[in-house]
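> Show me the folded form of this:
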Amino acid sequence: MKVVIIGGVAGGASAAARLRRLDEHAEIVILERSGYVSYANCGLPYYVGGTIGSRDDLTLQSPESFRSRFNVDVRVLNEAVSVDTVSKTVRVRRLVDGTEYTEGYDKLLLSPGARALVPDIGGTDDPRVVTLRTVEDALSIREAIVAGGVREAVVAGAGYIGLEMAENLVDMGISVTLVQRPRQVMPNLDPEMAAELQNHIRSKGVRLMLGSELRDIVPGERLEVVVGDGVRLRTDMVVLALGVVPDTSLAEDAGLEMGVKGTIAVNDRMETSAPDVFAVGDAVQVTNSVTGVPSHIALAGPANRQGRIAADNICGGDSRYRGSQGSSVIKVFDMTVGITGINQKVAQSAGIPHDCIHLYSASHATYYPGARNMSIKVLFSPDDGRILGSQIVGFEGVDKRTDVLATAIAAGMTADDLEDLDLSYAPPYSSAKDPVNMAGFVIGNLRAGLVRQFQWDELDSRVADPDVTVLDLRTDREYATAHLDGVVHIPLDDLRDRMGELDRSKPLYVMCHSGLRSYIGCRILRQNGFECYNLSGGFRLYRSVMEDRRPDSPGDYPCGAGRC
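Numbering: from 1, shown residues only. Predicted structure coming up:
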């Protein structure tokens, strides 16, 4: 059996290694148009910034190591230019000299990946306007920075690559302006969760221009970047990090069935519409495992798994890809953001009934030094409590909780299951009631009717409503530091003695710093005949959105700490 693989990196390289482990006698050929076949794509920004010091550390396998260990014929700088699925041949161009040849196959695996999105504006062909997708890109950017002359940079796009590049450029002593068309960074976060990250990014000296679209780049002695609101930015380098599009022209020209957003349509065995042709990685359509909707989710983990599944099936197995739920984690300076499952925007567009909770939990026991808080948002089904998605913004411990919640979503677990999870505990690592357990408890309280809640974006309207009372249960010190006019202030510990000051004919909308004390207050009030609602996430979440307050500022602490 002869297998030709078009494209290396995550999907193609992992498929080649798996194929060899399954079939020692197969002829395996990898065609890779770049000069590197298997490299740490996700590590490229950190090479630019110098955290990864050697280019050799980016390379996972070389053509020579693939040959010696796996007996795979790797041909770098060889570009597949056409595929004939009838004759089962690939037309290949040698990029070193432009000559072409034909390669036959028994099985074909497409792993072309995705290409950086370049806007249709002027100036993008200037060498100081760069994208970061390949090792060659990273080497070129790093060389330009080390050579000097790059004092200021504009990064267009605030997704994963844009944020990582902003951080690494700042680490190189470069002044960075981050331009983003949506009015938030990381559009796969819900707005209130993005706000906390934005505050942190600003605190590191990055200029954020949200809601600004790149309109033009004017070359000159320095580059001039024109954004949608007419602002002109003079800079030494522009990094285009506007996202990626599937690189599927080869498949489309070959007559393969296409999927959403220009992807290659595949079934759960990673088979395309053509016999003996498989496809994996950033170029393929997948099923969102939470919504069941066809999607394009370009991440390294799914690409690696898809390569393994395709290899199994090429060798006569019956492996199935169950879909992607978009689990990801990103370091942004010293902050960490973890995401899995769906957010509210996706749930709303897919018509999925959902509710959400906000927690503010320490990464480990607060009496052990070094605990820092995580903002946690969990989406769940109000019908059965099934977990649909989570977003966590914080510092240490974010990745651990994201992975636990990712597992819970994949397993179809409910809030009741989260309550019962037997998670490891020691003071340096967690709390006796882990934040994941706490998420289960909070959802359980809602579903059991022990408390009702309202969200941060409803607070202003409640304060303005004369038919309700907004009750602030924070301490006198907290209230003096910041508060909303028109609310009633009674510290929680005084509530039982001062309930007579409250109008029983009006619903109470209750808040504290993070939602814990206001929950306790709601339990007291409900058992004394009041109708009340708890502010999910507390006043600190409201302030982080409305006033751009930093989540790690000295006044930001969890409810239950000594100053509450």
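
> Flag the shaky bits of the stretch 451-564 of the chain, pLDDT-wise.
548-564 (pLDDT under 70).

> how about the strands in it?
Along the stretch 451-564 of the chain, the segments classed as strands by DSSP state E, counting those that start in this stretch run 453-454, 469-472, 488-489, 508-511, 532-535.

> what about the first one, distance to the chain center?
In terms of Cα atoms, centre = their mean, to the nearest Å, the centre of strand 453-454 is found 27 Å from the chain centre.

> ok, how many other residues are close to residue 267?
Using other Cβ atoms under 10 Å, residue 267 is surrounded by 12 other residues. C-beta here means a position set from N, CA and C on the backbone, and glycine is covered the same way.

> ok, now how distant is it from residue 286?
According to Cβ to Cβ, to the nearest Å, residue 267 stands 11 Å off from residue 286.

> in stretch 456-475, what counts as buried?
For stretch 456-475, the buried set under the neighbour-count rule, 16 or more other Cβ atoms under 10 Å, comprises 456, 458, 459, 462, 468, 469, 470, 471, 472, 473, 474, 475.

> can you list those in CSV and add distance to residue 380?
Output for the buried residues of stretch 456-475, formatted as CSV (distance: Cβ to Cβ, whole Å):
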residue, distance to residue 380
456, 18
458, 19
459, 22
462, 23
468, 26
469, 29
470, 26
471, 26
472, 28
473, 26
474, 27
475, 31
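
> Looking at the strands of the stretch 451-564 of the chain, which is nearest to residue 439?
Nearest to residue 439, of all the strands of the stretch 451-564 of the chain, is strand 453-454, at 13.7 Å by Cβ to Cβ.

> Which strands or helices does the closest one pack on?
Judged by 3 or more Cβ pairs under 8 Å, 6 or more residues apart in numbering; DSSP states H and E, strand 453-454 is in contact with strand 532-535.

> packing partners for the strand it packs on?
Packed against strand 532-535 by the contact rule (3+ Cβ pairs under 8 Å, 6+ apart) you find strand 453-454, strand 508-511, helix 516-526.

> who wins for proximity to residue 444 among the ones you listed?
helix 516-526 (12.2 Å).

> Report the buried residues of that closest one.
Here helix 516-526 shows 516, 517, 518, 519, 520, 521, 522, 524, 525, 526 as buried, counting by 16+ other Cβ under 10 Å.

> likewise stretch 344-364?
Of all the residues in stretch 344-364, those buried under the rule 16+ other Cβ under 10 Å are 344, 346-347, 352, 354-364.

> Those: which two are farthest apart?
Spanning the widest gap among these are 352 and 364, at 33.5 Å by Cβ to Cβ.

> Take the buried residues of stretch 344-364 and keep only those in strands.
Among those, DSSP state E puts 355, 356, 357, 358, 359, 360, 361, 362 in strands.

> Tell me the predicted confidence for the last one.
Translated: residue 362. Looking at residue 362, its pLDDT reads 91.

> Make 332 the starting number, not 1.
In the new numbering, first residue 332, that becomes residue 693.

> Enumerate every residue touching it.
Counting by Cβ atoms under 8 Å, 6 or more residues apart in numbering, residue 693 makes contact with 702, 703, 704, 705, 762, 766, 889.

> quick one: the residue of the chain positioned farthest from its centre from residue 861, how far?
No residue in the chain sits farther from the centre than residue 831, which is 48.1 Å out by Cα atoms, centre = their mean. Distance from residue 831 to residue 861, counting by Cβ to Cβ: 12 Å.

> repeat for residue 628
46 Å.

> likewise residue 610?
60 Å.

> who's more crowded, the two?
The residue with more neighbours, out of residue 610 and residue 861, is residue 610; 31 against 20, by other Cβ under 10 Å.

> who's the more buried one bridged to?
The partner list for residue 610 in beta bridges (DSSP bridges) reads residue 441.

> what pLDDT does it get?
On the pLDDT scale, residue 610 is placed at 97.

> do residue 482 as well
For residue 482, the model assigns a pLDDT of 95.

> what about it, distance to residue 763?
Distance of residue 482 to residue 763, computed by Cβ to Cβ: 51 Å.

> cool, and residue 369?
Taken as Cβ to Cβ, the span from residue 369 to residue 763 is 44 Å.

> can you check residue 693 too?
The gap separating residue 693 from residue 763 is 12 Å, by Cβ to Cβ.

> rewinding a little: residue 369 and residue 763: which has the busier surroundings?
Comparing residue 369 with residue 763 by other Cβ under 10 Å, the one with more neighbours is residue 369, at 24 against 10.

> What count of nearby residues applies to residue 561?
As a burial measure, residue 561 scores 8 neighbours (other Cβ under 10 Å).

> Look up the closest residue to residue 365, ignoring the ones flanking it.
In space, and not counting its chain neighbours, residue 365 is closest to residue 465: 5.1 Å by Cβ to Cβ, 6 or more residues apart in numbering.

> residues touching the one you found, list them.
Here residue 465 is in contact with 365, 367, 375 (criterion: Cβ under 8 Å, 6+ apart).

> got those residues as CSV, with pLDDT, neighbour count and distance to residue 436 columns?
Putting those into CSV (pLDDT from 0 to 100; neighbours: other Cβ atoms under 10 Å; distance: Cβ to Cβ, whole Å) gives the following:
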residue, pLDDT, neighbour count, distance to residue 436
365, 87, 19, 21
367, 81, 23, 23
375, 89, 25, 30
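
> Looking at the residues you listed, spot the one nearest residue 735.
Nearest to residue 735 among the contacts of residue 465: residue 375, at 28.8 Å, using Cβ to Cβ.

> Need the residues that contact the helix or strand containing the closest one.
Taking DSSP states H and E as the criterion, residue 375 maps to helix 375-379. With contacts defined as Cβ under 8 Å, 6+ apart, helix 375-379 is touched by 383, 386, 388-389, 463-466, 468-470, 472-473, 476, 492, 495-496, 498-500, 503.

> Could you list the paired strands of the following helix or strand past that helix along with their orientation?
Sequence order places strand 390-392 as the next helix or strand after helix 375-379, per DSSP H and E. In the sheet, strand 390-392 lines up against strand 369-370 (antiparallel) (DSSP bridges).
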